[in-house]
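Trainee: let's see this in three dimensions:
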Amino acid sequence: MFKKESKLKRFDFILIITTILLCIYGFVIIKSATMSKAAGSEAYLKTQIIAFGLGMAVLFVLILIDYDLYGSFYIPIYVLTNLLLLYTLINPVKAADWGNVRSWIAIGPIVFQPSEVAKFGVIISVAKFIDINRDNINHPAVLLKIILFAFLPVALILMQPDLGTALVFVFFIAIMIYIAGIDRKYVLSIMIIGLILIIVGISAFFYIMEDYTQNENSRYANLVEHYQFERIITYFYPESDPDDLGYQVIQSKTAIGSGMLYGRGLYKGVQNQLGYLPTKETDFIFAVIGEEFGLVGGVFLLCLYAILLYRLIRIAKNAANLFGTLIVTGITSMFLFHIFENIGMTMGLMPVTGIPLPFISYGGTFMLVNMVSIGLCLSVGMKRGKIDLNDF
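Mentor: Sure, this is the predicted structure:
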């Protein structure tokens, strides 16, 4: 039996403290972002704090569970994940409010986004599937089998359609396969093919856009919906539609720029408090940080994220087996994509996809997902030797 001290040494206190600091930072910003709303900030804060409390409880329960147990049930987890995503397509909630998007379902009084929960199912099942096939991962047939297994749920998410979330899945699955030891020739081939497709795609887009905008009877008029062209155009030139599709990015960049070095001060952001910023408690919450806390507040947040990601990478490197390494790799990659995409879109550097900022953006389900993710990583970090529950 291990001594209690040995278990405490395996517990990553820096990771949990960093997580709590990020959540507290999020509470402060959510309060500021929702003060100008008619309902006030109390309801938003209450939901977020309750989700945080539940997340902390689940986090500590997960630490007590040997994560290898999840691998034993990876097939049922995979099947349930895909059934949940399929049910989202069949019986979505509020589809009429969001056009053709079918991303939410209701179970009793609980309304949530299954693709967020599916992240765990995909990470665990794909990690175990790769682990089982790790000795032959560079065999073309085996690699194809892994790719097909991993991207079935991605296809279901694309059918919702939810491109932003699908890109998150594609990113962490690709990183997991790479970390598992895929041959460099495959990586190089994918990079070359990807580069060619990007060049061809961009060239084709500008050619089609020029014909589409200059010719009312363009042959490409039925290629995609009109609003899709408009969104792409406003990504490159948001000032071309400042009152509609470009409004979000313009207001966000204005807010961040006006914060300068130290910010206007908490609760004193003009764009924020006067309601110019859209979805400021979720997608564009970083703009609130930039306006009210300035560059200093933004850098402080990035430092917290850097510590979080470093500790997760450390756990992945020291995991007891490949399965554990891949679980943490998937979660770390998921966080990295969310952080990069969310902050990038608020600055106009990335397209607006509706991807929230981990631990900061408002959302009960999203907060739970973040906390459970940390719990899984801590569980992997604890298993550097056999865990005896009597040590707790």
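Trainee: which residue ranges of the stretch 101-250 of the chain form helices?
Mentor: For the stretch 101-250 of the chain, the helices defined by DSSP state H, counting those that start in this stretch cover 114-132, 140-158, 163-179, 184-214, 226-236, 247-259.
Trainee: how about these in CSV, adding distance to residue 56, mean pLDDT and mean neighbour count?
Mentor: C-beta: built from backbone N, CA, C; applies to glycine. Below are the helices of the stretch 101-250 of the chain laid out as CSV (distance: least, Cβ to Cβ, whole Å; pLDDT from 0 to 100; neighbours: other Cβ atoms under 10 Å):
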stretch, distance to residue 56, mean pLDDT, mean neighbour count
helix 114-132, 17, 93, 22
helix 140-158, 28, 93, 17
helix 163-179, 24, 92, 20
helix 184-214, 39, 78, 11
helix 226-236, 38, 62, 15
helix 247-259, 31, 90, 21
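Trainee: who wins for proximity to residue 31 among these?
Mentor: Proximity to residue 31 (Cβ to Cβ) singles out helix 247-259 among the helices of the stretch 101-250 of the chain, at 16.8 Å.
Trainee: tell me what the closest one is packed against?
Mentor: helix 270-273, helix 285-317, helix 322-346 (3 or more Cβ pairs under 8 Å, 6 or more residues apart in numbering; DSSP states H and E).
Trainee: identify each buried residue in the longest one, please.
Mentor: Residues of helix 285-317 classed as buried under the neighbour-count rule (16 or more other Cβ atoms under 10 Å) are 285-294, 297-298, 301, 304-305, 307-309, 311-312, 315-316.
Trainee: coming back round to it: and residue 238, which of the helices and strands packed on helix 247-259 is closest to it?
Mentor: Using Cβ to Cβ, those put helix 322-346 closest to residue 238, at 11.0 Å.
Trainee: and the helices and strands packed on helix 247-259, which one is worst for confidence?
Mentor: Mean pLDDT per stretch puts helix 270-273 lowest among the helices and strands packed on helix 247-259, at a mean of 90.
Trainee: could you say what helices and strands it packs with?
Mentor: helix 13-34, helix 247-259, helix 285-317.
Trainee: ok, which of those comes nearest residue 155?
Mentor: helix 285-317 (27.2 Å).
Trainee: could the helices and strands packed on helix 270-273 go into JSON lines alongside distance to residue 147?
Mentor: Listed next are the helices and strands packed on helix 270-273 as JSON lines, based on distance: least, Cβ to Cβ, whole Å:
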{"stretch": "helix 13-34", "distance to residue 147": "31"}
{"stretch": "helix 247-259", "distance to residue 147": "34"}
{"stretch": "helix 285-317", "distance to residue 147": "22"}
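Trainee: distance to residue 323 added to the helices of the stretch 101-250 of the chain, as JSON lines?
Mentor: Formatted as JSON lines, the helices of the stretch 101-250 of the chain follow (distance: least, Cβ to Cβ, whole Å):
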{"stretch": "helix 114-132", "distance to residue 323": "4"}
{"stretch": "helix 140-158", "distance to residue 323": "14"}
{"stretch": "helix 163-179", "distance to residue 323": "11"}
{"stretch": "helix 184-214", "distance to residue 323": "22"}
{"stretch": "helix 226-236", "distance to residue 323": "39"}
{"stretch": "helix 247-259", "distance to residue 323": "40"}
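Trainee: which stretch among those helices comes nearest residue 35?
Mentor: With Cβ to Cβ, the closest approach to residue 35 among the helices of the stretch 101-250 of the chain belongs to helix 247-259: 15.0 Å.
Trainee: and the closest residue to residue 59 other than its chain neighbours, what element?
Mentor: Excluding its sequence neighbours, the residue lying closest to residue 59 (Cβ to Cβ, 6 or more residues apart in numbering) is residue 375, at 3.5 Å. If you go by DSSP states H and E, residue 375 is part of helix 364-382.
Trainee: nothing else from me, thank you.
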